[in-house]
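Chemist: Sequence and computational prediction follow.
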Amino acid sequence: MTDLYCQFCWIFNLFFKTVDVDVIVSRSMHFSKLHCSSRSAVVVYSFASTIVQSKFWTQLFTYTFLLGILAIDMLQIIQIEASEMDNFSYLIYCPETLQGATVDPSMRPERVLQKAAELGVKLRLLLNTHGHQDHTAGNELILKSSGAKLAAHPDDLPNPDIPLTEGLKLELGNGIIEVIHTPGHTPGSVIFKIDNQIITGDTLFVSRCGRADLPGSDVVALYESLQRLKKLPGETRIYPGHDYGPTVTSTLDWELKNNDYFKCPNLQSFTKLRLET
């Protein structure tokens, strides 16, 4: 299905060339691919545009229409501080169906449960980016409290309810969470992609990357995983596993310009930087 963002761009170009779509979207919350009817969106918008002729009222309606549709169908991501080790946990949920997932409940799983309860969200999935204890310590409480299914890569966590593999797509309400296998920090490290957003665990931080000197780590695999991430769109929003950078999130464009590990020209220079500093 054509991404609804592109459909909005087409609509705006057709009817109101003065509207800056990028500005509108950048001022809204980060969103995932939408799964409402594209035809119904175009029909409703076209009908309303024939009624509302004033430029001011047309643009006002544009904002209201766009934000209203996004609020109904997008997957929301909430970042939660989770430990004294600067871990981040995440709550992902669909505001229409109130189905949710948590990523790496870490050492403060009660914070995830509290936020889910506040929003009326039912946790369906517990997703782990990798198997290190600072990311999985809260698994047991989440699983017992919510009945969620554990989804992890079997190279890190044996016998999960849902074994994660490259390219696997998990349905959550009206949204999709896609799995990207990124070995290196651990053999079973994965990233969760929600349209133009990625939850990166310990593979990629803001301005840094994961360690490759731990048991099970592989510096060559980590380098290759980061090279793959470079191919994602520059506007991809990055949600890291730890608060190690100058900001709590960033974009791939920012990382390409500021992250020394992304700027390494070859494996040799990456290995030297990662293992010797």
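Modeler: On my side now, so go ahead.
Chemist: ok, now how distant is the residue nearest to T129 when sequence neighbours are not counted from E118?
Modeler: Residue nearest to T129 in three dimensions, not counting chain neighbours: G201, with 2.6 Å by C-beta to C-beta, 6 or more residues apart in numbering. Just so you know, the C-beta spots here come from the backbone N, C-alpha and C atoms, and that holds for glycine as well. Using C-beta to C-beta, to the nearest Å, G201 is found at 25 Å from E118.
Chemist: Which secondary structure element is home to K272?
Modeler: Assessed by DSSP states H and E, K272 sits inside helix 267-276.
Chemist: Quick check: buried residues in that helix?
Modeler: F270, T271, R274 (16 or more other C-beta atoms under 10 Å).
Chemist: same check, this time on stretch 76-94
Modeler: For stretch 76-94, the neighbour count (16+ other C-beta under 10 Å) marks 76-80, 82-83, 87-94 as buried.
Chemist: any idea which of these is least confident?
Modeler: Within the set of the buried residues of stretch 76-94, pLDDT is lowest for S83 (88).
Chemist: Contact partners for C264?
Modeler: Y223, F270, L273 (C-beta atoms under 8 Å, 6 or more residues apart in numbering).
Chemist: ok, now with 6 Å
Modeler: Counting by C-beta atoms under 6 Å, 6 or more residues apart in numbering, C264 touches F270, L273.
Chemist: Wait, a helix at it?
Modeler: No: remark: C264 does not belong to a helix; assigned using DSSP: H, G, I helix; E, B strand; the rest coil, it is coil.
Chemist: ok, it to L256 distance?
Modeler: For C264, the distance to L256 - C-beta to C-beta - is 12 Å.
Chemist: residue ranges with poor pLDDT in this protein?
Modeler: Applying pLDDT under 70 to the chain flags the ranges 1-73, 277.
Chemist: Would you map the strands across it?
Modeler: Ranges of strands in the chain, per DSSP state E, are 76-81, 88-93, 99-103, 122-127, 149-152, 162-163, 169-172, 175-181, 190-194, 197-201, 204-205, 208-209, 237-240, 250-251.
Chemist: Let's have those in TSV, adding distance to D218.
Modeler: Below are the strands of the chain laid out as TSV (distance: least, C-beta to C-beta, whole Å):
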stretch	distance to D218
strand 76-81	28
strand 88-93	24
strand 99-103	23
strand 122-127	22
strand 149-152	18
strand 162-163	20
strand 169-172	26
strand 175-181	13
strand 190-194	15
strand 197-201	15
strand 204-205	16
strand 208-209	13
strand 237-240	20
strand 250-251	25
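Chemist: right, and those strands - which one's nearest A137?
Modeler: Nearest to A137 among the strands of the chain is strand 88-93 (10.4 Å), distances taken as C-beta to C-beta.
Chemist: Alpha carbons of that closest one, in CSV - could you do that?
Modeler: Backbone C-alpha positions of strand 88-93 (Å, rounded to 0.1, in the frame of the first residue of the first chain) are rendered in CSV as follows:
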residue,chain,number,x,y,z
PHE,A,88,15.7,3.1,27.9
SER,A,89,12.6,0.9,27.7
TYR,A,90,9.9,1.5,25.2
LEU,A,91,6.1,1.2,25.1
ILE,A,92,4.6,0.9,21.6
TYR,A,93,0.9,1.0,21.2
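Chemist: which neighbours does that strand have in its sheet, and in what orientation?
Modeler: Note on strand 88-93: by DSSP bridges, its sheet partners are strand 76-81 (antiparallel), strand 99-103 (antiparallel).
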